[in-house]
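Peer 1: Give me a model of this one.
(one chain, ligands or ions: 1)
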Amino acid sequence: MAAAENKRALPPKVAAMKARKRQKLEDPKAGKKATTNKSFKAAPPKSEKVRLDDLAWNSVEMPDRLDDFEGFYGLEEIDDVDVVKDDNGIISYRAISDKATKKRPAPEESEDDGEEFTGFDDDDDREEDDKEEGGAMIIETVTPRSAPELEEGETWEDRKKKQKELQKQQLKEKKQKEKKEKKEKKPKAEKKQKETAAQAEVGSGAFANLMDEDEDEGVHISAWRPLNLSDDTLGALSKMKFSQPSAIQKAAIPEVLAGHDVIGKASTGSGKTLAFGIPILERYLEMQKIAGNNKKKVNSEEEAARKPALALILSPTRELAHQISAHLTTLCSGLEKAPWIATLTGGLSMAKQQRQLKNADIIIGTPGRLWEIISGGHGVLKWLKQIQFLVIDEADRLLSQGHFKELEEIINVLDRKDDFKAEEHEDEDEAPEEVEDVERQTLVFSATFHKGLQHKLAGKAKPGAGLMDKKESMEYLLKKLNFREEKPKFVDVNPITQMASGLKEGMVECGGTEKDLYLYALLLLHPNARTIVFCNSISAVRRLTPFLQNLQLPVHALHSSMAQKARLRAIERFTSNNQNKTNHKGSILLATDVAARGLDIPNVNLVIHYHLPRAADNYVHRSGRTARAGETGSSILICGPEEVAGVRRLIAKVHASSAAAGAEPANDAAKNGYFIRSLDIDRRVVSRLKPRANLSKKLADTTIAKEKKHSEDDFLRQAAEDLGVDYDSEEFENAPGKRGRGAGRIKKEREARGLTKAETGALRAQLKDMLSSRVNVGVSERYLTSSGLDIDSLLQQQEAGVHGEFLGTVADLME
Ligand SMILES: Nc1ncnc2c1ncn2[C@@H]1O[C@H](COP(=O)(O)OP(=O)(O)OP(=O)(O)O)[C@@H](O)[C@H]1O
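Peer 2: Residues are numbered from 1 along each chain as shown. Below is the predicted model:
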């Protein structure tokens, strides 16, 4: 018997297992798994009764996969033995031949006296491991007979762990090998068949083929082939699962690749970033190839720093700059040698950005920070003068008079020859080795070109002026930018409408002082929507944030006075799934127009204009945060009575630009002039929300007034310190009050911050109470809960033919 052959004492647990095995053999019911070729029959008279341990057990050869267990697990079997059951049910064993027995040596040590064995108490785990591999396995006995001795300091636990890890590693390798073999065997014909099928599908609307392949393998990209892109770029697009180019990409990429200056116009969310990003990547890859052929491949940071950048991309906002950077980084992520991308925006470390700039192939930035860096010298201008692409994204915004003075400065210095010479000796070490005259391509993109800009140039700015047609835009841009070509290519893929095709528009009319209330009602109406609410001022965002937060809505603020990290965090939180414990499952971003341009946040369903946009282009861009990349979405304006007429004119102007572009009106509505529809929200219902809204407003005003007082105090204290006088806030507070304009507001502020902690606590409790009960709104009462609508009941009602009163026509808008 194995245990006896082994000179070492068995650990108790192993001994126990062996005992269990014996027991199983002795108990026929438990003997299912034993692999002895035993049979139950009447005992032959002459055969000799033997003890189990005196039988000549043979070990069973284990499957290959357990080789590395070094015999640690042993399964034994025996031949020529009869298992006999006597009348009392006692089992005994009789050897039929000599082969079945062996002389039993005297045990040297008791089985139970051995070193303590702490392993193997998790047999279930082992079974799991075995199952993982897919093989059914019988492991009946576990003996350490051929296991190598434990090393110094090693425990059985350690040994077991090591073996498990080893086994897992082997399984992993085996699986990988199998997967690889399977892949190689996959018939090429099948692949070809798929490609043909995909090709047949191409040609419908933009983005139609998106996500038509299995997840980790990419999609077929045959629809991109006519653009003659490199295999590397095609591979990258396949990985991004972009099965076909969007209209602007299809139209603009060949023009850029052919070396033209391009002005690209396409509706919001239609893929303009890659319309310039792909040709830049193509040029980069081409240059790499040439460098490779000339054996001049750039391998190190130092080498990279000695070559000029390839492209400069300018964006009006920091967030957009970071987004473009992320978009291009994703595009390049699978490449063997990807371009270095530097993002230069305010709010983040200038020194770090300066360092990044020296290595960059592609520079993306806001004009303010870039100008700051250029002004700092260090030979930066030399690099920039060598760029092959200057991209101006959201060009109409960037070029608007007075807004981005720095952009004009940048364009001026890029174009001036003398600056270059003046700076030449400044930083000899860091300058490019050879400075050649570079023919720069200028690429200009936007969804809108705004007429007001040109009027402003002529000193005739009119608020809410319309959007420019092709001729006007061209004239304007030619005046502002130094294109290489006399006539850049104007690529306009949406002459009919500026608005995304999946967008539904509507407006809500309310009393002049009821905007907060209607905003709250609209948000309650869309509890599952990812919503962006646009305001015209930072102070409105600051005021509305606590107002909506008090009402338990998941709101995140975004405006340009916030620290850059907080801005990025706000977008991140808005984008991630709502952790709010209320019924409101969507999330809300309360923003100024800093979020209006270019931001590509996935799955934004609704845009609410709390304040009316100041100009037509603003309306287009704000609304363009939803219904992107072929998706649907809604845009709702909240208007006071005096604003309605102006809004109708503004929106009609946006939609009428098709006529200005000389295109056929898209539909009857366009023919007759666009008339934005009013959404009738039941006033009775909204008025039921008033008590909570008022309470929340009072609390919000208190918070803001207190914060304001603190910062005023800080300011005055500092001023007093600077002047060397004492500052007493009480004294200031009780000074004779201001009369006239603003006196009412000041009085209110005083009252608001006069509330004690206990008083605000009581107000909060009252509000909490209100929010936890449903609003009694007659027919609709069952639908309105504390922070959203009971959509399920509402839908049931609608299915039953009863229209939810509260929904009004908003429901149609969101369909
Ligand atoms: N060929 C494509 N197929 C599918 N999706 C695409 C394609 N090209 C771009 N996209 C996706 O479409 C979305 C919108 O792209 P992008 O941000 O470039 O739009 P845009 O036209 O610049 O919008 P805006 O005018 O608002 O700045 C992005 O999420 C992008 O990943």
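
Peer 1: can you pull out the helices in the stretch 451-600 of the chain?
Peer 2: Shown for the stretch 451-600 of the chain, the helices assigned by DSSP state H, counting those that start in this stretch span residues 451-457, 470-480, 515-525, 538-550, 564-575.

Peer 1: Any idea which of those helices gets closest to the ligand?
Peer 2: Closest approach to the ligand among the helices of the stretch 451-600 of the chain is made by helix 564-575 (12.1 Å; CB to the nearest ligand atom). Quick note: C-beta positions are derived from backbone N, CA and C, even for glycine.

Peer 1: Just the buried residues of stretch 387-407, please?
Peer 2: For stretch 387-407, burial by neighbour count (16 or more other CB atoms under 10 Å) applies to 387-401, 404, 406-407.

Peer 1: and what of stretch 358-376?
Peer 2: Using 16+ other CB under 10 Å as the burial criterion, the residues of stretch 358-376 that qualify are 358-374.

Peer 1: quick one on the thing from earlier: kindly reformat the helices of the stretch 451-600 of the chain as TSV containing distance to the ligand.
Peer 2: Output for the helices of the stretch 451-600 of the chain, formatted as TSV (distance: least, CB to the nearest ligand atom, whole Å):
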stretch	distance to the ligand
helix 451-457	17
helix 470-480	15
helix 515-525	23
helix 538-550	21
helix 564-575	12
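
Peer 1: Between these, which one is closest to Ile341.
Peer 2: For Ile341, the closest of the helices of the stretch 451-600 of the chain is helix 564-575, at 16.8 Å, according to CB to CB.

Peer 1: coming back round to it: and among the helices of the stretch 451-600 of the chain, the most buried is which?
Peer 2: Among these, helix 515-525 has the highest mean neighbour count (mean count of other CB atoms under 10 Å), at a mean of 23.

Peer 1: what is the mean pLDDT for that one?
Peer 2: Per-residue pLDDT over helix 515-525 has a mean of 93.

Peer 1: and that helix, what does it pack onto?
Peer 2: Judged by 3 or more CB pairs under 8 Å, 6 or more residues apart in numbering; DSSP states H and E, the packing partners of helix 515-525 are strand 530-534, helix 538-550, strand 606-609, strand 633-639, helix 683-688, helix 690-723.

Peer 1: hmm, back to that, what about the buried residues of stretch 358-376, which are in helices?
Peer 2: 358-359, 367-374 (DSSP state H).

Peer 1: Tell me the one among these nearest to Phe483.
Peer 2: Among these, Pro367 lies closest to Phe483 (CB to CB), at 18.8 Å.

Peer 1: so Ala360 touches Ala311, yeah?
Peer 2: No - if you go by CB atoms under 8 Å, Ala360 and Ala311 don't touch, sitting 9.1 Å apart.

Peer 1: now, among the ones in helices among the buried residues of stretch 358-376, which is nearest to the ligand?
Peer 2: Nearest to the ligand among those, with distances taken as CB to the nearest ligand atom, is Pro367, at 17.1 Å.

Peer 1: Tell me, how many residues neighbour the residue of the stretch 101-250 of the chain found nearest the ligand?
Peer 2: Residue of the stretch 101-250 of the chain nearest the ligand, by CB to the nearest ligand atom: Phe242 (3.6 Å). Using other CB atoms under 10 Å, Phe242 is surrounded by 25 other residues.

Peer 1: Just say helix, strand or coil for it.
Peer 2: What DSSP: H, G, I helix; E, B strand; the rest coil gives for Phe242 is coil.

Peer 1: Quick check: the gap between it and Lys168.
Peer 2: Phe242 sits at a distance of 38 Å from Lys168 (criterion: CB to CB, to the nearest Å).

Peer 1: what does Leu370 give?
Peer 2: 52 Å.

Peer 1: tell me the contacts of Ala500?
Peer 2: Shown in contact with Ala500 (CB atoms under 8 Å, 6 or more residues apart in numbering): 267-270, 623-624, 626-628, 633.

Peer 1: at 7 Å instead, please
Peer 2: Shown in contact with Ala500 (CB atoms under 7 Å, 6 or more residues apart in numbering): 267-269, 624, 627-628.
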